[in-house]
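Enquirer: Quick one: sequence and predicted model below, then my questions.
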Amino acid sequence: MRRRLALPLASALLALVPAQSATAAPAVPADKPQLLSAWTQSSAASYDAWWAARQNQGAWSAYAFDWSTDYCSGAPDNPLGFPFQNSCARHDFGYRNYKAAGAFEANKARLDSAFHADLGRVCARYIDSTRATCDALAWTYYQGVVVFGTPASTSGTSGTGGTSTGGTSGDRADGPATDGGAATDSPATAGSMVSAPRPAG
């Protein structure tokens with residue numbers, strides 16, 4: 001009698017134990033935190049490294065980075081023709097990946113400062129009153145993320161509740177920060193470029 005009960009009992013217990021997968025998920029490379037940090041600093045070199053990686057996301061797939069973006073959330077992506085969109089995309093990248101890593105609060109101020117530096121490099125290509133206008137908009141966007149950027153959502157940009165659209169690379173005018181370029185007096189000119197240059201900062 002004991003033997004008859006033992007077999008069904010053992011079978012029932014085994015059914016409760018989750019089966020181990022035959023193939024374990026590949027481990028994320030150990031240097032992911034260092035790479036995330038390197039791609040979210042205030043320098044033009046950091047921006048350029050992030051931009052290059054964004055252009056070739058497949059090469060970084062093992063790291064499981066969140067490349068999604070809704071760019072500048074509810075604010076215009078290119079206010080008055082100034083190309084802020086990719087600066088917003090990098091800011092989203094930092095926010096979303098540090099939120100996913102559980103390290104958002106410790107990095108928020110630095111991410112916001114990097115965002116301001118990126119916007120400053122966009123504005124540096126303009127002169128006179130056009131630059132002053134761009135700088136004022138950059139300051140407004142920066143203050144917006146300082147005040148409203150919260151860890152409330154891992155999918156919203158700057159924590160303001162934006163909706164992720166899974167943006168793609170190479171889709172805007174403010175590409176790499178170090179590819180040179182002369183100052184201009186017209187944001188419309190820069191906004192219409194396929195790949196507007198940004199001087200190193």
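Expert: It's in.

Enquirer: what ranges do the helices span in this structure?
Expert: Ranges of helices in the chain, per DSSP state H, are 2-16, 32-38, 44-55, 85-100, 104-123, 128-148, 187-192.

Enquirer: Please identify the most buried of the ones you listed.
Expert: Comparing the helices of the chain by mean neighbour count (mean count of other Cβ atoms under 10 Å), helix 85-100 ranks first with a mean of 25. To be clear about C-beta, it is placed using only N, CA and C from the backbone, and glycine gets the same treatment.

Enquirer: Can you name every helix or strand that that one contacts?
Expert: Here helix 85-100 is seen to pack against helix 32-38, helix 44-55, helix 104-123 when contacts are counted using 3 or more Cβ pairs under 8 Å, 6 or more residues apart in numbering; DSSP states H and E.

Enquirer: want to throw these into a markdown table with mean pLDDT and distance to C134?
Expert: Shown next, in a markdown table, are those (pLDDT from 0 to 100; distance: least, Cβ to Cβ, whole Å):
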| stretch | mean pLDDT | distance to C134 |
| --- | --- | --- |
| helix 32-38 | 98 | 27 |
| helix 44-55 | 98 | 17 |
| helix 104-123 | 98 | 4 |
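
Enquirer: so which of these comes closest to C88?
Expert: Closest approach to C88 among these is made by helix 104-123 (7.7 Å; Cβ to Cβ).

Enquirer: What lies in contact with that closest one?
Expert: With Cβ atoms under 8 Å, 6 or more residues apart in numbering as the contact definition, helix 104-123 has outside contacts at 40-44, 46-47, 82-84, 86-88, 90-91, 94-95, 98, 131, 134-135, 137-139, 141-142, 145-146, 149, 151, 174, 177, 198-201.

Enquirer: relative to helix 44-55, how tilted is it?
Expert: Orientation check (axes from the mean of the first three to the mean of the last three Cα atoms, to 10 degrees): helix 104-123 against helix 44-55 gives 100 degrees.

Enquirer: Alpha carbons only: can I get stretch 102-120 in PDB?
Expert: Output in PDB follows, covering the C-alpha atoms of stretch 102-120 (Å, rounded to 0.1, in the frame of the first residue of the first chain):
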ATOM      1  CA  GLY A 102      17.900  50.000 -10.600                       C
ATOM      2  CA  ALA A 103      20.400  52.900 -10.600                       C
ATOM      3  CA  PHE A 104      18.300  55.800 -11.900                       C
ATOM      4  CA  GLU A 105      18.400  58.000  -8.800                       C
ATOM      5  CA  ALA A 106      22.200  57.800  -8.500                       C
ATOM      6  CA  ASN A 107      22.600  58.800 -12.100                       C
ATOM      7  CA  LYS A 108      19.700  61.200 -12.900                       C
ATOM      8  CA  ALA A 109      21.600  64.500 -12.300                       C
ATOM      9  CA  ARG A 110      24.500  63.400 -14.500                       C
ATOM     10  CA  LEU A 111      22.100  62.200 -17.300                       C
ATOM     11  CA  ASP A 112      20.300  65.600 -17.100                       C
ATOM     12  CA  SER A 113      23.700  67.400 -17.300                       C
ATOM     13  CA  ALA A 114      24.700  65.300 -20.300                       C
ATOM     14  CA  PHE A 115      21.400  66.200 -22.000                       C
ATOM     15  CA  HIS A 116      22.100  69.900 -21.400                       C
ATOM     16  CA  ALA A 117      25.600  69.500 -22.800                       C
ATOM     17  CA  ASP A 118      24.300  67.700 -25.900                       C
ATOM     18  CA  LEU A 119      21.800  70.500 -26.500                       C
ATOM     19  CA  GLY A 120      24.600  73.100 -26.000                       C
END
